[in-house]
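*Asks:* no sequence for this one, just the structure:
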Ligand code: HSE
């Protein structure tokens, strides 16, 4: 028997509007897949008369979001309003009212997800957030279902399109950070306040979710080590290129013998690796799993229709669930009583290969001093270059790459390098990922 699933929207901007469009355009195909009809009955917006990307004639518009979460007719609430305060209160109230929740809000899940998951489990409602990570890429479903037979070893992603656009344009067009950022803002890729993208906060939100789904751990946004791309210069990109690498802003979650690494930072990636060739605003997630081996998911990380694609997929899950009456897939992909609060590894315990760059006086013995610092700490230098200084300049740019080693040793080396009278300014450190 065909059932009608009634949907209420919290937010009708790019994501909510895109969802309405996809639901309307593909309604026949969605009914073929679910045996049911999905109908948007109401949407809560901040401004009733604002311009919309979708047709609003078929449902009610309200500026009272509580009327959506309290509406007894509504089965599913889609939250795409953003933020972690009002959105949290509304989602919790909707759950208490027995509604299934679909959200595109990565900050909400990363920061307050543990409370929301608990409430959803207790209320026996679905909580789905495919759209919260990497837009149209179905990485949540892949981790929760497709790779459910695996032990996930690591997950490495380019999960912020704005940052990837900036780094790609800097490298391709040999431009500096500030100029490309201004262009990204003008094109509407970067927000007027681009800090969430550029500082790595947006990527850290997404990484938090990916780590929980990969390893069955609680959502620990506050434990993600996060560095942005604001300090990356064109010279860094050029020197990395000479060593055979591109700089990408990666989110890395890795299960090691001592715990879980959760880190977001600019990273040198070998030019031959697939992730080094993910350019512009595109996103990609590279998963290393014990049985499946390496899997790369690539696609649009944002935008109205890619994000709507993920929301509608979650809606279809809700519709199928309503048919069977069973919630078969746990919210984080592991049984709720099996979520394990794994140790998150501190920066002092990181290990990697490293790219270091410094300015040093061009005089005999400087390279010997530098290499003796590394030798004294038992850190092996893999490659080193010194650029001939321009005429009239007495400092030379020295770049080097270490072998895989402990970060604590490299930080100690940097301290010693910076105290050398021949080294001027700070020593730049960028980690290298060899996969
Ligand atoms: N600001 C995000 C990005 C978009 O640039 O990837 C959606 O998360």
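*Replies:* Sure thing, it's come through. Just so it is clear, the structure is predicted and the values come from calculations on it, not from any experiment.
*Asks:* So the residue lying farthest from the centre of the chain: helix, strand or coil?
*Replies:* Residue farthest from the centre of the chain, counting by C-alpha atoms, centre = their mean, is residue 364 at 45.8 Å. Secondary structure assignment for residue 364 (DSSP: H, G, I helix; E, B strand; the rest coil): coil.
*Asks:* Where do the helices of the chain begin and end?
*Replies:* For the chain, the helices defined by DSSP state H cover 14-25, 27-34, 65-69, 86-96, 106-123, 139-141, 161-173, 177-186, 195-198, 201-215, 234-242, 304-324, 366-376, 407-418.
*Asks:* ok, which residues in the stretch 151-300 of the chain are in contact with the ligand?
*Replies:* 160, 161, 162, 197, 202 (C-beta under 6 Å from any ligand atom). Placement of C-beta: from N, CA and C, glycine included.
*Asks:* circling back to that earlier point, ok, now which ones touch the residue farthest from the centre of the chain?
*Replies:* For residue 364, no contacting residues are found, by C-beta atoms under 8 Å, 6 or more residues apart in numbering.
*Asks:* Output the below-cut-off pLDDT ranges for this structure.
*Replies:* 1 (pLDDT under 70).
*Asks:* got the domain boundaries for this protein?
*Replies:* Listed by automatic domain parsing, the domain ranges of the chain are 3-135+304-336, 139-300, 347-432.
*Asks:* ok, which stretches of the stretch 201-350 of the chain are strands?
*Replies:* Using DSSP state E, counting those that start in this stretch, the strands of the stretch 201-350 of the chain run over residues 225-226, 245-256, 259-270, 282-289, 293-300.
*Asks:* Just checking: what are the partner strands of the first one?
*Replies:* Its sheet considered, strand 225-226 pairs with strand 259-270 (parallel) by DSSP bridges.
*Asks:* what about stretch 382-396, distance to the chain center?
*Replies:* Stretch 382-396 has its C-alpha centroid displaced from the chain centroid by 37 Å (C-alpha atoms, centre = their mean, to the nearest Å).
*Asks:* mind listing what's buried in that stretch?
*Replies:* 384, 395, 396 (16 or more other C-beta atoms under 10 Å).
*Asks:* hey, what's the closest residue to the second one other than its chain neighbours bridged with?
*Replies:* Once flanking residues are discounted, residue 395 sits nearest to residue 359: 4.6 Å by C-beta to C-beta, 6 or more residues apart in numbering. Residue 359 has these beta-bridge partners by DSSP bridges: residue 397, residue 424.
*Asks:* So residue 359 is in contact with residue 393, correct?
*Replies:* No. Counting by C-beta atoms under 8 Å, residue 393 is not a contact partner of residue 359; they are 9.7 Å apart.
*Asks:* so residue 268 touches residue 243, yeah?
*Replies:* Yes. Contact criterion C-beta under 8 Å: residue 268 and residue 243 qualify, at 7.4 Å.
*Asks:* Looking at these two, which one has more neighbours?
*Replies:* residue 268 (28 against 18; other C-beta atoms under 10 Å).
*Asks:* Check the gap between the more buried one and residue 24 for me.
*Replies:* 45 Å (C-beta to C-beta, to the nearest Å).
*Asks:* what do you get for residue 229?
*Replies:* The value you get for residue 229 to residue 24, if C-beta to C-beta is used, is 38 Å.
*Asks:* Residue 278 now?
*Replies:* Counting by C-beta to C-beta, the gap from residue 278 to residue 24 is 32 Å.
*Asks:* Then residue 362?
*Replies:* Applying C-beta to C-beta to residue 362 and residue 24 gives a distance of 67 Å.
*Asks:* same deal with residue 319?
*Replies:* Residue 319 is 16 Å from residue 24, by C-beta to C-beta.
*Asks:* what does the stretch 301-435 of the chain have sitting close to the ligand?
*Replies:* Going by C-beta under 6 Å from any ligand atom, the residues of the stretch 301-435 of the chain near the ligand are 301, 302.
*Asks:* For the stretch 301-435 of the chain, which residue gets nearest to the ligand?
*Replies:* residue 302 (3.7 Å; C-beta to the nearest ligand atom).
*Asks:* Does that residue touch residue 163 like I think?
*Replies:* No. Contact criterion C-beta under 8 Å: residue 302 and residue 163 do not qualify, at 11.8 Å.
*Asks:* What is the neighbour count of residue 241?
*Replies:* Residue 241 has 14 nearby residues by other C-beta under 10 Å.
*Asks:* Skipping its backbone neighbours, what lies nearest residue 234 in space?
*Replies:* In space, residue 234 is closest to residue 176, 5.2 Å off (C-beta to C-beta, 6+ apart).
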